[in-house]
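*Asks:* Need coordinates for the below:
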Amino acid sequence: MSTTMEQSSSLSVYSKAHADSGKRPMRREHENQNRNEKDEKEAFLDAWACVCEGSVPRFNGDKKWMGDLRRILSARRNKFPMYRHCEPRTPATLRDHVSKSVRVAEAVAKTAKERGVSISSVQKDADRLIDIIGHNMASVPVKILGYTMQKLIFTIYEDVVFSKSELQQVREALEKTPVLLLPSHRSYMDFLVLSFLFYLNELPLPAIASGEDFLKMGPISWILRGCGAFFMRRSFKNDRLYWACFSEYVDTLITNGDAPMEFFVEGTRSRTGKSILPKNGLLGVALRPFFDARVGDITIFPVSISYEERMESHLYIDEMLGTPKPKESFKSALEARKVFNYNHGKIYVKLAPKISVREFTKDRVMRQEGLFSPGSAIYTPSHKSAIEALGREIVLAQQKTSVITVPAILSALVEMYIRDELQCISQNEIVQHVERLAKMISKRGFSVDLKPSLEKHAVIPKCPRDAIEMGLSSWLARLHPAASYARDGSIQFLTGGERHFEMLQLAHFRNEMLHVFSMEAILYLSIKFTGGRTRQELFNGFQRTVKIFYLEFILEGGVRGSFDKAVSAMIQFGHVHVSGDSISLAHDVEENEFQFALFSSLLIPMIGAYKNVIRVLRSDRFNASHSGLVALIRHKTSQISGVPSEHLSGVLIANCCEMLKRAKLITFRENELSCNSDELRNMEIYLGMIMNTLETQKTTLSHL
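*Replies:* Now for the predicted structure:
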């Protein structure tokens, strides 16, 4: 079970003071009573050295840039671990192998027949596609990346925290089986963080699946391709030739084990801070050599990449409010240099326990040589089911190893203060609430880091408690600019006016800890709504709610498994009383009132947003495609005075519309929307009832 990161005795961290010294021991004059301010700050940071086994050493500091370059260029002299059945080959040889494969040859012949052209002309098209897809890993761009990332990361972030023992597990697995690295996806930085860590730790750089959008970034595209990026279209299942070229390229990378393969099972960056339901297309392609019995096993390492603050978080809020996503280009990359203006805190890279595909699927699917024809893109129902289950298991593993940080905890608390109309609270009370919430998270087996990210010119804290207060002050000013400090040291929250950006920013950070409490919160809602009844009645209410919001959560063990786990947790932490087969809330424990207020605060914005979408759909007729419906609903919602900010979130609106479409409560015919009015009305009534149930949970947090 995970513990609070700041309390883990087996972990350590290199702070900036350590990093500036390179790999040499830190020199300190312990006997000198007139230690200057820099030495004092080094001593304080040293006292906090308990976050992780390793953080990336920084070579900048007082060193000249030539020293940094020399270290990067001299790195990676040791022999890399390599898959035991790997036959070393160049990127050009790999592409040639794909071009001459049976799968591509069959696709070329069928495509030539369909088009009525010669095979040679289609083969040229295939070779051109393979050249666009393939990586071109070489030492020069790799070393350029190493130097650039060294400078870039520590301009934007304070530390990259990781575990050397976890990387050692990757090192051992690389020699035995092909390896898939599947990180969570929250930022553009995700693409290269693992490559940078592998570079510094003498591991082979992964081949990274990237969208073709990144081919428009000029010299950056050249560096990415040279560092192992291979490129894919967003959708291509109906293009026989492209499917054959891409799937064969992935197939041969896996079968030969040229390098570990990295891709994002969520498919796209999460704009809301929550995990996204997995998109399993590329995962299915990567597992095909195993299903075909051409490799004995594949080892998967789910990876969580957590940020105190993502460098593009403001862009995400703009996108949720309707601003179009900026296109990837070299110009947009240059324009993004404003993110260098301030420190974004720490990055945490944690590898979940490895998953053996053989062990995971042994009772689920049949493996057989030649099970699929070379050009087939079709899987049996059992294979589809196994791939979907594995995709969910990977995202759940990413959630379990994610690190919950001060901004996430503080955002959840500020939302609670505002919802409870708490206009003023002392800083000491906020610190107490942060520590209480961190303890709740830690009890549930998740990692928490309360170690503050200190600004360069911050006053030196005298103790960890002072450090937390300083960290809170800094983050509070950035998360909720409307907060102000009174003369007595208390903090006031200004809630008037249209503050949609600030409130969505709070929601964005709060969502990073939503998975910790989501199932317990829904169970709490079921108990409160029914008044506490039998286990089966509670399950029915739980199931009804989950079926509405299933696009917002990743269920562990399905609905029944998630329900049973939530019941066990509520019993374990004393949130409920159990009498025979009935379960009721334990309001007689003061600690529970804080927990119940948190549950309500987490669910109310989401329920309100869904209810608003249904209300808007029932109130008017729409002539719009599915893609244009979100913008229309947001526009109509924005015209409502005093509308809650999350009602304007494009992601919540889109998820609600998708849920209604899958439930066939709305349909599209020639850009005209049709609604099942009766069923929509019933759902709106239900959402209104459960929302009213939660809004009665008002708690005076300042007295808890």
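
*Asks:* what packs against the helix ranked longest in the chain?
*Replies:* The residue-count maximum for a helix in the chain (DSSP state H) belongs to helix 590-619. Secondary-structure packing of helix 590-619 (3 or more CB pairs under 8 Å, 6 or more residues apart in numbering; DSSP states H and E): helix 406-419, helix 427-443, helix 514-530, helix 626-638, helix 650-662, strand 672-675, helix 677-695. For every residue, glycine as well, the C-beta is placed using N, CA and C.

*Asks:* One more pass at 7 Å, please.
*Replies:* Using 3 or more CB pairs under 7 Å, 6 or more residues apart in numbering; DSSP states H and E, the elements in contact with helix 590-619 are helix 406-419, helix 514-530, helix 626-638, helix 650-662, helix 677-695.

*Asks:* quick one: average pLDDT of that helix?
*Replies:* Per-residue pLDDT values over helix 590-619 give a mean of 90.

*Asks:* got it, and stretch 242-251?
*Replies:* Averaged across stretch 242-251, pLDDT comes to 93.

*Asks:* ok, now stretch 261-276?
*Replies:* Stretch 261-276 shows a mean pLDDT of 91.

*Asks:* Can I get that stretch in CSV? Just the C-alpha atoms.
*Replies:* Output of stretch 261-276 as CSV, limited to C-alpha atoms (Å, rounded to 0.1, in the frame of the first residue of the first chain):
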residue,chain,number,x,y,z
MET,A,261,7.1,0.9,-27.3
GLU,A,262,5.4,3.9,-25.7
PHE,A,263,1.9,5.1,-26.4
PHE,A,264,-1.1,6.7,-24.6
VAL,A,265,-4.0,4.3,-24.1
GLU,A,266,-6.3,7.3,-23.3
GLY,A,267,-5.7,8.4,-26.9
THR,A,268,-5.6,12.2,-26.2
ARG,A,269,-4.7,14.6,-23.4
SER,A,270,-7.2,14.9,-20.6
ARG,A,271,-8.4,18.5,-20.5
THR,A,272,-10.3,18.1,-17.2
GLY,A,273,-7.6,16.4,-15.0
LYS,A,274,-9.6,13.2,-14.9
SER,A,275,-8.6,9.9,-16.5
ILE,A,276,-10.3,9.2,-19.9
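
*Asks:* Low-confidence ranges, the stretch 551-700 of the chain, go.
*Replies:* Applying pLDDT under 70 to the stretch 551-700 of the chain flags residues 588-589, 622-627, 697-700.

*Asks:* okay, the helices and strands packed on helix 590-619 in CSV with distance to Ile441 next?
*Replies:* Shown next, in CSV, are those (distance: least, CB to CB, whole Å):
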stretch, distance to Ile441
helix 406-419, 8
helix 514-530, 5
helix 626-638, 32
helix 650-662, 24
helix 677-695, 21
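
*Asks:* May I see those helices arranged in CSV, with distance to Asp131 and mean neighbour count as well?
*Replies:* Shown next, in CSV, are these (distance: least, CB to CB, whole Å; neighbours: other CB atoms under 10 Å):
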stretch, distance to Asp131, mean neighbour count
helix 406-419, 43, 24
helix 514-530, 41, 23
helix 626-638, 32, 17
helix 650-662, 36, 20
helix 677-695, 51, 16
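
*Asks:* So which of these is nearest Gly296?
*Replies:* Ranking the helices and strands packed on helix 590-619 by proximity to Gly296 (CB to CB) places helix 514-530 first, at 33.6 Å.

*Asks:* Let me know the angle separating that closest one from helix 406-419.
*Replies:* Interaxial angle, helix 514-530 versus helix 406-419 (axes from the mean of the first three to the mean of the last three CA atoms, to 10 degrees): 30 degrees.

*Asks:* I'd like the next helix or strand past the host helix or strand of Ile208.
*Replies:* Secondary structure assigned from DSSP states H and E places Ile208 in strand 207-211. For strand 207-211, the following helix or strand on the C-terminal side (DSSP H and E) is helix 219-226.

*Asks:* And for that following helix, what's in contact with it?
*Replies:* Helix 219-226 has contacts (CB atoms under 7 Å, 6 or more residues apart in numbering) with 135-138, 140-142, 144-145, 210, 214-215, 330, 333.

*Asks:* got a pLDDT number for Leu704?
*Replies:* pLDDT, Leu704: 52.

*Asks:* Run through the residues that contact Phe549.
*Replies:* Going by CB under 7 Å, 6+ apart, Phe549 touches Met606.

*Asks:* Going forward, count from 727.
*Replies:* All set: I'll call the first residue 727, so the last point we hit is now Phe1275.

*Asks:* Can you give me the distance of it to Ser827?
*Replies:* 44 Å (CB to CB, to the nearest Å).

*Asks:* Likewise for Tyr1068?
*Replies:* 50 Å.

*Asks:* Of these two, which one has the most company?
*Replies:* Between Tyr1068 and Ser827, Ser827 has the larger neighbour count (other CB atoms under 10 Å), namely 19 against 12.

*Asks:* For that one, which residues are in contact?
*Replies:* Glu974.

*Asks:* Go again with 10 Å.
*Replies:* Ala833, Ile856, Ala970, Cys971, Glu974, Tyr975, Asp977, Thr978, Pro1100 (CB atoms under 10 Å, 6 or more residues apart in numbering).

*Asks:* ok, back up a step: just name the lowest-scoring one in the contacts of helix 945-952, pLDDT-wise.
*Replies:* The lowest pLDDT within the contacts of helix 945-952 belongs to Phe1056, with 61.

*Asks:* residues of the strand holding Ile934 that come out buried?
*Replies:* Using 16 or more other CB atoms under 10 Å as the test for burial, strand 933-937 gives Ala933, Ile934, Ala935, Ser936.

*Asks:* Output these in a markdown table, with distance to Pro1079 appended to each entry.
*Replies:* Shown next, in a markdown table, are the buried residues of strand 933-937 (distance: CB to CB, whole Å):
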| residue | distance to Pro1079 |
| --- | --- |
| Ala933 | 23 |
| Ile934 | 22 |
| Ala935 | 23 |
| Ser936 | 27 |
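
*Asks:* Go through those residues and say which is closest to Ala985.
*Replies:* Taking CB to CB as the measure, Ala985 sits nearest to Ala933 out of the buried residues of strand 933-937, at 4.7 Å.

*Asks:* Can you give me the distance of that closest one to His1303?
*Replies:* Counting by CB to CB, the separation of Ala933 from His1303 is 54 Å.

*Asks:* What of Glu938?
*Replies:* In this view, Glu938 and His1303 are 57 Å apart by CB to CB.

*Asks:* circling back to that earlier point, which one of the helices and strands packed on helix 1316-1345 lies closest to Val1121?
*Replies:* Within the helices and strands packed on helix 1316-1345, the stretch nearest Val1121 is helix 1240-1256; the backing value is 9.4 Å (CB to CB).

*Asks:* related to what we said a few turns ago, tell me which of the helices and strands packed on helix 1316-1345 sits nearest to Tyr1105.
*Replies:* Nearest to Tyr1105, of all those, is helix 1376-1388, at 21.1 Å by CB to CB.

*Asks:* who does the closest one touch, helix- and strand-wise?
*Replies:* In this structure, helix 1376-1388 makes packing contacts with helix 1039-1046, helix 1261-1274, helix 1316-1345, helix 1352-1364, strand 1392-1395, strand 1398-1401, helix 1403-1421, judged by 3 or more CB pairs under 10 Å, 6 or more residues apart in numbering; DSSP states H and E.
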